[in-house]
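Peer 1: Show me how the following folds:
(chains A, B and C)
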Amino acid sequence: MAAGRYDAIVIGGGHNGLVAAAYLARAGKKVLVLERRHLVGGAAVTEEVYPGFKYSVCSYVVSLLRPEIIRELDLSAHGLDLLPLESTVTPLPNGDYLARWADHDQTRRELYRHSPRDAEAYDEFGKLMYHLAFAVKPILSMVPPDPASLSPGDLRSLLKLTNHFRGLGDEKLYSLIKLMTMSSADYLDEWFETEALKATMSASGVIGTFLGPRSPGTAYVLLHHYMGEIDGAFRAWGFAKGGTGSVSEAIASAARGFGAEIRTEASVARVIIENGRAAGVAMESGDEIRANVVVSGIDPRRTFLGLIEPDELPSEFVRAIRRFRIRGSSGKVNLALDALPNLACLPGTGPHLRGAVSISPSIEYLERAYDDAKYGSFSRHPYMDIVIPSMIDPDMAPSGKHVMSIFVQYAPYELNGGWNDARHEEFGDAVIDTLSEYMPNLKDIILHRQVLTPWDMERDFGLTEGNIFHGELSLHQLFFMRPAAPWADYHTPIRDFYQCGSGTHPGGGISGASGRLAALTMLEDM
Amino acid sequence: MLRTTPFHARTGPLCQAQNWRRWAGYVAASSYELTHEREYHAIRSTAALIDVSPLYKYSVRGPDAGRLLNRVITRDVDKCAVNQVMYTPWCDEEGKVIDDGTLSRLGQETFRLTAAEPNLRWLHDNALGLNVTIDDVTDSIAALALQGPNSREILKHASDAELDELRFFRLTSARVQDVPVTISRTGYTGDLGYEVWVDAERAVSLWDLIMAAGESYGVTPAGMLALDISRIEAGLLLNQVDYIPANKALLETRKSSPFELGLGWTVALGKDQFVGRAALIEEQRRGPAWHLRGLEIEWESLEEIYAEFGLPPELPTIAWRTSVPVYSNSKQIGYATSGAWSPTLKRYIALAHLRAQHAEPGTELAMEVTAEHQRKSALAKVVTTPFFDPQRKRA
Amino acid sequence: MSRPYDAIIVGAGHNGLTTAARLAKAGLRVLALERRDTVGGALVTKEIHPGFKVDAACHQIGALHPDVVGDLDQALGVTPDIVRCDPVVFAPLIDGRHLLLWRDPATTAKAIATLSKSDAENWGSFVELITKAAGLLETAYERTPPDLLSVDASDLWSLVRLGGRARRLGKREMMEVARILTMTVAELLDEWFESDLLKGTLGTTGVTGMFQGPMAAGTAYMLLHNHVGTENGTVRSADRVRGGVGVLSHAFRDLARSCGVEIRTNAPVTRIAIKNGRATGVVLANGDEIEAERVISNADPRRTFLDLVDPLDLAPRFVRQVQNIKYRGACAKVNLALDTLPNFTSGDAAHLGGVVSISPSLDYLERAYDDAKYGEISREPYLEAIIPSLTDPSLAPAGKHVMSILVQYAPYHLKGDAWDDSRNSELADRAVDTLAQYAPNLEQIVLARHVLSPRDLETDFGLTEGNIYHGEMTLDQLFFMRPVPGWARYRTPIENLYLCGAGTHPGGGVTARPGYNAAREIVKDVKRS
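Peer 2: Numbers count the residues shown, from 1 in each chain, chains lettered A, B, ... in the order given. Reported below is the predicted structural model:
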């Protein structure tokens, strides 16, 4: 074996790239990860932007990290520690609030206060979602088949899939179809009457998408909240001790433990293609590194339109990648705080500050926030999902001080007139002003604020158009169509070149599933 | 915070054991004293006062109240006279039990339904097009069960009700001094007993008055542990323990029909459309696949099992609520859902779901018993419930 | 007394009459009962002002099922005269530019070239794709939706492939159609075109009658739906009936009668009689009970199950499903009697024979929807205006005209208050004001206005919440999900009670397809019994 020649090069040290590298290395392959920035993790990083305060700069909660990845890579031995987020509180304009707590009886009582019928419906809804999450789970952990192919493998896979669905029985099958095609607002209207409940639940359906709660196709994300329960990862929405960067570090540590080499500040300029096969990468520095296979963890647009000469790809495929929808819609504001914020609806320190605060008082509120973005403005009154990581992990801030993470939607990448410093600050102001309506002391306790627009996310994290999922999770961009049929099985039109990022099935969130499935596919080919 | 019942000002300080459990989002005392023994015996020999306020209670009123209830429950509401109470289950479309409770007819068009689980949505769903008002009165009506041989005398002292006239499963309005109450001759112990329904705001007064009136009759506040043993002796089912409500079951096989639960007597197939009727007619024709029956675990067999380890039988003095396999010739043919040592009967008893062909009373089966970390089978005989049925219950 | 009826049809809309006629042809004794004094449902031509007649509600028809066209031909000897205008669409802009869509793709491409060269180049391929995709849908529309759980799924797949082959679609093209089905019409059009006017004009076919904007997933499907069975290459066809759609209603009536169907008008059904879970007849408002072997409802599913059937005869879960059907009417009609022809600032009077479409961009459409989303009438609505008197002078006195305008969005559920005369008048003002921006003389030439709000559509034509499709045509309410999941095969949980209206597969539009398919299923059951 020629020393120095790698079996595989992974482009991009985001969490999916790292997962792929770890699995490849675990199988004995000689793997090199190339990361453009000075640290690994991509959008899952913890950075001390303001002295003493650690921000989970971009991604801030760990939602669906596959338990099998935690087990197979032994991530707990590499420092991964996931702490539960206990509750969600939605402050209301009338001074009241709606809370959902970790305890069933407490949640029921709270919902009952708003609507006795909703309190009951919530349990039945939960039961259905539990069933459906169970039904969908196998799909998330399968390599998408190509329905148009006649290959025995694809046909087998399709048959398995159809049998699986038919095995669900009519009620669940139809519910699943409704869930896949309806808007979260319409779907929840069938169950609930409490505006704030519907709004807060549907907010999770629009995170990261350029869609409003009334947009068809947003309902199925409601499932995600129930995914964890069937995985033995009860209360799957959690916070990583040390911030989300520690997830990336744990995976990187596992990868290194298996022998993978990780280079930071190593920017790839293009993929070297010889005789129609990927043969390595050319670095910005001019160096060339050779490998048997190359896999890209960065998004499909940057991968195929940035790293590859267009004439190396079929024009049909290039067209499909060009039209792959990848619009960014969200921003992030991180705050260093001198003290704890005070919620007007729940004054003082309480368990609610260890959970999420959701600014989503009604469907109409969210929908109007979306309307602003549709026509190229950031939301004047945005949807916000807020956590105070230092309440869960005191190491995130100096003693007595706090950090606050504010996920903000909507902020379109294509802003009318474009993003500039002034608009950037205006956006930050809109966030703080809106939030101050619910947290009256907020402005007095801010020590530092970091504002990230989609434009910043593109520049800083390489997320095309600032889309946090590497491409919208709309129906026609899922499963065998992600990123484009028939290249949803982690292969690409170029031999020995693979994709493993969030722009492939199942995509989205810090799940690592794309990276794992891609690595398993590659290992099978090898 | 969990909710406390309207009697908490009294029950709280009384609970020496600090032994609380959850019941429908409320805290309920498991036992007041350090052991539940005396509380159990009060049920069977004197009188026990049990706070049953957490029961879900629905007020159903209006011209179509009877129609709605007839549509929902399996029994025939038309046969329920004013001031009568009916025990009844209710089913989903497939004839599987959703819940069970008592229906009190307080007036021609006024009913109160109790339930173990929330049912407001289900009642509303079935009320489409009907002129009826449904209110959840769980929080506004408190309830005390006064159960045991002395219960009648105590209530006669405490209230102005004509209790000698009040037959089993009848109710009457009355006053306990100045506190207006409804007294029903019902309960969950299988003994002579009453349930007293009161406006939550007057709850504490009622407690005090009954305790005072009962002092010389040995009235004893009793918790859930004592109640659990007595309800097993009485063969009374517990939702989420002895059956899984159809609307919460994750699997079809976890659901049970009234026939399968031994509640066939509550199914009025003769009445007009009610939810589940078609399925129940079909099931009656076919015969149920399962039967819920009593099991008496044979003492000799228990003794033998424990003797192997040089031990006397270890008995469940606190009722258990886990699924325990039941065998016929070493093949599993059912599962027991709750069981206890009956201090009154001096028998180890259990409630079990048995496949129909093994459910004939008198059939010899075996129930799993774990002795000294090892799984053994104790002989058990199928019996009809109730295990304990004193004459005073109905007299 | 003669033998009892084999079938009673509740509601003599065009689908009800289609089912009635086909059942009668199969030898059944059929009675059709109609609440109103005339048959045809929303296919009605009305005098809105002395001497001015207009298609009051529905003003254009879809592609009728070919067999039904054959039936009409055979029974009547003459088919209603379908007016096929050319150009099909005239879409003006305030700045004087305009777009024309012609029946011939090449001519249309030339017209588009004035807006965008690249759009003109793409037009031919786009039309080809739409035609093929709509063809594939037509294959599905000819069939009763399969029961997903009983049909072998591979059969289903081969069926789709078969359909694809029949339509000369390659595998990849089939995948492309599958991709389109769940898209938004805005996404679809953005992939093909750059001209706002072209996209706005085409986008309307994805949202007409829908409480959805063009940025809603599933609206691309609706665009395809509206092209099922249309003449090859014609996009946004707008067929009308000479003499008004009422002529078509009469044709359906005559066809049914000629097959032996007994039709009674002014005979509102108040209840479907059910004994032991089986439909046995109907009860009329006057108390008469008419028995029949089976009852077939052309009323929409909500009316059928929640108004005509005692809820006690239905399982609560089914009732909940029916309650969950989304209706939410989104459009209204404003009909005008005009003193003279409106004078458009762009284009040519010769282009006014088809549809005058006011929808300058997808954003315009979306903004119109935004208003409705919050319970308001669109400040600037999308308008689909037709001047039928241009091609059919008998509809208005000499030199005068009638104009029929479909106005969208007009939400059934208004925020705050309900529809009344003043809101109707506000709606008419919005329509006229909007159109007057393109034809400035309009306000002066209006002799009379006639408005049908979604509430009026409900009251007058029995359309729940004014939904012209008997239930939204959204992805979750199509195929085996229409009208409710599990009951898409025209049968219902009540034995011998069937549905045959647009609330069933393949849904709304004047196509007679639901009625045709329902009759086929009913005949199957009759033969089996």
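Peer 1: Spell out which parts of chain A neighbour chain C.
Peer 2: Proximity of chain A to chain C (CB under 8 Å from any CB of the partner chain) is limited to residues A:147-148, A:158-159, A:162-163, A:165-166, A:169-170, A:173-174, A:177-178, A:181-183, A:186, A:190, A:214-217, A:323, A:325, A:364, A:367-368, A:371, A:374-375, A:474-476, A:481, A:485-486. C-beta: built from backbone N, CA, C; applies to glycine.
Peer 1: One more: chain B?
Peer 2: Counting by CB under 8 Å from any CB, chain B sits next to chain C at B:67, B:71, B:92-93, B:122, B:125-126, B:128-129, B:272-273, B:275, B:278.
Peer 1: One more pass at 7 Å, please.
Peer 2: B:Arg71, B:Glu93, B:Asp125, B:Asn126, B:Leu128, B:Gly129, B:Gln273, B:Val275, B:Ala278 (CB under 7 Å from any CB of the partner chain).
Peer 1: that older thread, buried subset of the residues of chain A next to chain C?
Peer 2: Buried subset of the residues of chain A next to chain C (neighbour count, 16 or more other CB atoms under 10 Å in any protein chain shown): A:147-148, A:158, A:162, A:165-166, A:173-174, A:177-178, A:181-183, A:186, A:190, A:214-217, A:325, A:364, A:367-368, A:371, A:374, A:474-476, A:481, A:485-486.
Peer 1: I'd like the distance between the residue nearest to B:Tyr58 when sequence neighbours are not counted and B:Ile73.
Peer 2: Among residues not flanking B:Tyr58 along the chain, B:Leu113 sits closest, at 4.7 Å (CB to CB, 6 or more residues apart in numbering or on different chains). According to CB to CB, to the nearest Å, B:Leu113 and B:Ile73 sit 8 Å apart.
Peer 1: Return every residue with contacts to both of those two.
Peer 2: B:Leu103 (CB atoms under 7 Å, 6 or more residues apart in numbering or on different chains).
Peer 1: which of these two has more neighbours?
Peer 2: Set B:Leu113 next to B:Ile73 and count neighbours by other CB atoms under 10 Å in any protein chain shown: B:Ile73 wins out with 27 against 24.
Peer 1: wait, the more buried one sits on B:Val97?
Peer 2: No - under the criterion of CB atoms under 7 Å, B:Ile73 makes no contact with B:Val97, lying 10.8 Å away.
Peer 1: gap between the two ends of stretch B:70-88?
Peer 2: Stretch B:70-88 has its terminal residues 11 Å apart, counting by CA to CA, to the nearest Å.
Peer 1: The closest residue to chain C within the stretch 401-526 of chain A and C:Gly203, how far apart?
Peer 2: In the stretch 401-526 of chain A, the residue that lies nearest chain C is A:Leu475 (3.9 Å; CB to the nearest CB). Note on A:Leu475: its distance to C:Gly203, by CB to CB, is 19 Å.
Peer 1: In the chain, spot the helix with the most residues.
Peer 2: Picked chain A for this. In chain A, assigned by DSSP state H, the helix with the most residues is helix A:116-140.
Peer 1: ah, I was thinking of chain C
Peer 2: helix C:117-141.
Peer 1: Give me the contacts around that helix.
Peer 2: Applying CB under 7 Å, 6+ apart, the external contacts of helix C:117-141 come out as C:105, C:108-109, C:112-113, C:163-164, C:166-167, C:169, C:173, C:177, C:180, C:192-195, C:198, C:224-225, C:227-229, C:232-233, C:235, C:506, C:513.
Peer 1: Buried subset of those as a ChimeraX selection?
Peer 2: Of those, the buried ones can be selected in ChimeraX as follows, counting by 16+ other CB under 10 Å:
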select /C:105,108,109,112,163,164,167,169,173,177,180,192,193,195,198,224,225,227,228,229,233,235,506,513
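Peer 1: separation between C:His65 and chain A?
Peer 2: For C:His65, the distance to chain A (CB to the nearest CB, to the nearest Å) stands at 26 Å.
Peer 1: what do you get for B:Asp99?
Peer 2: From B:Asp99 over to chain A (counting by CB to the nearest CB), the distance is 12 Å.
Peer 1: what secondary structure does that residue sit in?
Peer 2: Secondary structure, DSSP: H, G, I helix; E, B strand; the rest coil: B:Asp99 is strand.
Peer 1: from memory it sits against B:Ala115, does it?
Peer 2: Yes - contact criterion CB under 7 Å: B:Asp99 and B:Ala115 qualify, at 4.9 Å.
Peer 1: if we can go back for a sec, run through who's touching the longest helix of chain A.
Peer 2: A:108, A:111-112, A:164, A:168, A:172, A:175-176, A:179, A:191-194, A:197, A:222-223, A:226-227, A:229-230, A:479, A:506, A:513, B:118, B:120-121, B:124, B:136, B:247-248.
Peer 1: Where strands are concerned, which of the residues you listed count?
Peer 2: If you go by DSSP state E, the contacts of helix A:116-140 have B:Asp136 in strands.
Peer 1: list the contacts for whatever residue of the stretch 251-400 of chain C ends up closest to chain A?
Peer 2: Residue nearest to chain A within the stretch 251-400 of chain C (CB to the nearest CB): C:Asn324, separated by 4.7 Å. Each residue near C:Asn324 by CB under 7 Å, 6+ apart is listed here: A:Glu190.
Peer 1: for it, phi and psi?
Peer 2: Backbone torsions for C:Asn324, taken as degrees, to the nearest 10, come to phi -80, psi -10.
Peer 1: pLDDT wise, what is the spatially closest residue to A:Phe317 that is not a sequence neighbour at?
Peer 2: Closest residue in space to A:Phe317, ignoring its immediate chain neighbours: A:Pro493 at 5.3 Å, by CB to CB, 6+ apart. pLDDT for A:Pro493: 96.
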